[in-house]
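**Student:** sequence isn't available, so here's the structure alone:
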């Protein structure tokens with residue numbers, strides 16, 4: 001389950017939550033949503049993957065998956 005208000009599983013009450021916590025528990029479906037959103041904004045796949053690594057850490061999908 002994600003620990004941020006951006007994920008559908010969160011409780012919605014994010015008062016006092018630290019938004020700097022990495023999103024390491026998000027699902028592949030959520031990561032695909034991020035890819036689709038950033039792709040629609042014109043962000044290049046290599047930049048998408050770099051940004052996702054910073055947020056998801058070891059749980060990030062492969063760079064090849066971002067290009068698909």
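**Tutor:** Yep, that arrived. Treat the numbers as computed from the prediction; the structure is a model and nothing was measured.

**Student:** what about the helices in this structure?
**Tutor:** When assigned using DSSP state H, the helices of the chain occupy the ranges 28-40, 45-56, 63-67.

**Student:** same question for the longest one, mean pLDDT?
**Tutor:** What that stands for is helix 28-40. Helix 28-40 carries an average pLDDT of 92.

**Student:** tabulate the helices of the chain (a markdown table), appending mean neighbour count.
**Tutor:** No exception for glycine: its C-beta is placed from N, CA and C like everyone else's. As requested, these are exported to a markdown table (neighbours: other CB atoms under 10 Å):
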| stretch | mean neighbour count |
| --- | --- |
| helix 28-40 | 14 |
| helix 45-56 | 16 |
| helix 63-67 | 14 |
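
**Student:** just checking, which helix or strand of the protein averages the lowest pLDDT?
**Tutor:** Across the helices and strands of the chain, mean confidence by mean pLDDT, DSSP states H and E is lowest for helix 63-67: a mean of 87.

**Student:** so who does the closest residue to residue 67 other than its chain neighbours touch?
**Tutor:** Nearest residue to residue 67, sequence neighbours excluded (CB to CB, 6 or more residues apart in numbering): residue 45, at 4.9 Å. By CB atoms under 8 Å, 6 or more residues apart in numbering, the contact list for residue 45 reads 39, 63, 66-67.

**Student:** among those residues, which pair sits farthest apart?
**Tutor:** 39 and 63 (13.7 Å; CB to CB).

**Student:** residue 31 against residue 62, yeah?
**Tutor:** No: counting by CB atoms under 8 Å, residue 31 does not reach residue 62; the two are 10.5 Å apart.

**Student:** hey, what's in contact with both of these two?
**Tutor:** Between them, residue 31 and residue 62 share no contacting residue under CB under 8 Å, 6+ apart.

**Student:** okay if I get the contacts of residue 45 as TSV plus distance to residue 27?
**Tutor:** As requested, those are exported to TSV (distance: CB to CB, whole Å):
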residue	distance to residue 27
39	18
63	18
66	16
67	20
